[in-house]
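*Asks:* quick one: sequence and predicted model below, then my questions.
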Amino acid sequence: MQKNKSLVLGITGGIAAYKTAELVRLLIKSNIDVQVVMTESATKFITPMTMQALSGKPVFVGMWDEGIDNGMPHIELSRHADAILIAPCTAEFVAKLLHGRADDLLSTLCLARDCPLLVAPAMNKQMWGNPATQRNFTQLAADNISIFGPGNGEQACGETGDGRMLGATELLAYVQAHFTPKIFANKKLLITAGATLEMIDPVRGITNLSSGKMGYALAQVAADMGAKVTLVSGVSHLSAPINVTIKHASSAEMMYNTVMDNIADQDIFIGVAAVSDYAPNEVANQKIKKSAESLTIQLKRNKDILAEIANRPNPPFCVGFAAESENVIEYATQKRIAKKLALIVANEVISAIGSDENQVTLIDDNGNHSFQRTSKVNVATILLEHINKLL
Ligand code: CTP
């Protein structure tokens, strides 16, 4: 695991500043150290006291603040930072960055920095669409400044369009992606996730309790590590991970077809989805009416996606999940051999399903490697780092 990262969060004067309160909370929860610096106009939208309470550190606004020991806040505040994130970044502040202006603490800090600069624009759609703003952003990108967003949707001014700042959760995802070492650059990964749904009639189906959290976490972390990720998702209510191509496939057959359509050139295939082993022989066209005392539904076996991929000539590196309610290691070991997998992840299913945490054992040619119960995001990191070692 990497050491904790440290971020200077620069807040400029836009209404989206209110979202930074939540952002600071999420960053700190993710073990990212945050130093807040605000422009004078940002303090009209959210108070330094709020940001200080959330970040647990004094907030700096003016150039002449006496709270810095050496009297040089513009150098000192970013000296130990791994990055500076400007969120929200107004059109005016972008113009200042572009021209290397330094007439307040935050712009001076940016000019004097020795670390990457990340920018989350926030403005009304006309301001965003203005050729001057577009020119400025093109130049910022050329100057190697990372631009997160903007998003599209309803704006504080009542209009709808491009320009609004991304939400706190999305910004956290971009910051985490920025900080993750790119050990999977140039690698292609295909991941299945979530539950499948086998329809019985137009309104009923057979499904399971898989939430998709493990597969979605893997897709996000793999993309953060630089991989080109395709996520074939069954039923899940989670939001799409960032920088991931997502394809929805609800039934086992649709999932099989989607995986087969996308498997060419993949370096790694990870089957995380809880794929139904059986589907109804026939799907009724109309809602089935109740009549007799009992009803029998004939089921047919679905194809095993993972086993089929792993048994191809020149298969990608194949990883399976074995979520078992008993004899976890024994069943997982048997599955790894039967499906010819390089690696299988064994876990006890009842405590893992729907949870944000998982306790896993990785089983490969070298034996069993057990890990403490931890978040699914941490499990994803552990698993991907392990795959990288085996590759
Ligand atoms: N899997 C798959 N296609 C299927 C069934 C399973 O790709 N039709 C994959 C899962 O995504 C998982 C692994 O195979 O990575 C093991 O799935 P699991 O449901 O635990 O095992 P099964 O092979 O279905 O065996 P059983 O249900 O008897 O435990």
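*Replies:* Perfect, thanks for sending it.
*Asks:* what residues does this structure put near the ligand?
*Replies:* 192, 252, 271-273, 275, 277, 302, 304-306, 320-323, 335 (CB under 6 Å from any ligand atom). No exception for glycine: its C-beta is placed from N, CA and C like everyone else's.
*Asks:* need the buried ones from these selected in PyMOL.
*Replies:* Buried residues within the residues of the chain next to the ligand, by 16 or more other CB atoms under 10 Å, are selected in PyMOL with:
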select buried, resi 192+252+271+272+273+275+302+304+305+306+320+321+322+323+335
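*Asks:* which ones among the residues of the chain next to the ligand lie within strands?
*Replies:* Thr192, Gly271, Gly320, Phe321, Ala322, Ala323 (DSSP state E).
*Asks:* between which two of those residues is the distance greatest?
*Replies:* Across these, the longest distance by CB to CB is 14.3 Å; it joins Thr192 and Ala322.
*Asks:* quick check, nearest of the residues of the chain next to the ligand to Val8?
*Replies:* Closest to Val8, out of all of the residues of the chain next to the ligand and judged by CB to CB, is Val272, at 36.3 Å.
*Asks:* pull the contacting residues for Gly56.
*Replies:* Ile28 (CB atoms under 8 Å, 6 or more residues apart in numbering).
*Asks:* can you list phi and psi of it for me?
*Replies:* Reported as degrees, to the nearest 10, the phi and psi values for Gly56 are phi 70, psi 20.
*Asks:* name the single longest helix found in this structure.
*Replies:* Using DSSP state H, we find that the single longest helix of the chain is helix 376-390.
*Asks:* let's see that one as CSV, backbone CA atoms only.
*Replies:* This file holds the C-alpha atoms of helix 376-390, laid out as CSV (Å, rounded to 0.1, in the frame of the first residue of the first chain):
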residue,chain,number,x,y,z
LYS,A,376,-13.7,-4.2,-1.4
VAL,A,377,-11.6,-1.4,-2.8
ASN,A,378,-8.6,-2.6,-0.8
VAL,A,379,-9.4,-6.2,-1.9
ALA,A,380,-9.4,-5.0,-5.5
THR,A,381,-6.0,-3.3,-5.0
ILE,A,382,-4.5,-6.5,-3.3
LEU,A,383,-5.9,-8.7,-6.1
LEU,A,384,-4.7,-6.5,-9.0
GLU,A,385,-1.2,-6.1,-7.4
HIS,A,386,-1.1,-9.9,-7.0
ILE,A,387,-2.1,-10.4,-10.7
ASN,A,388,0.6,-7.9,-11.7
LYS,A,389,3.2,-10.0,-9.8
LEU,A,390,2.0,-13.2,-11.5
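*Asks:* list the buried residues for it?
*Replies:* Lys376, Val377, Asn378, Val379, Ala380, Thr381, Ile382, Leu383, Leu384, His386, Ile387.
*Asks:* domains in the protein, as residue ranges please.
*Replies:* Listed domain ranges for the chain are 6-179, 188-285+294-390 (source: automatic domain parsing).
*Asks:* for those, could you give me JSON lines that also reports mean pLDDT?
*Replies:* Below are these laid out as JSON lines (pLDDT from 0 to 100):
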{"stretch": "domain 6-179", "mean pLDDT": "93"}
{"stretch": "domain 188-285+294-390", "mean pLDDT": "97"}
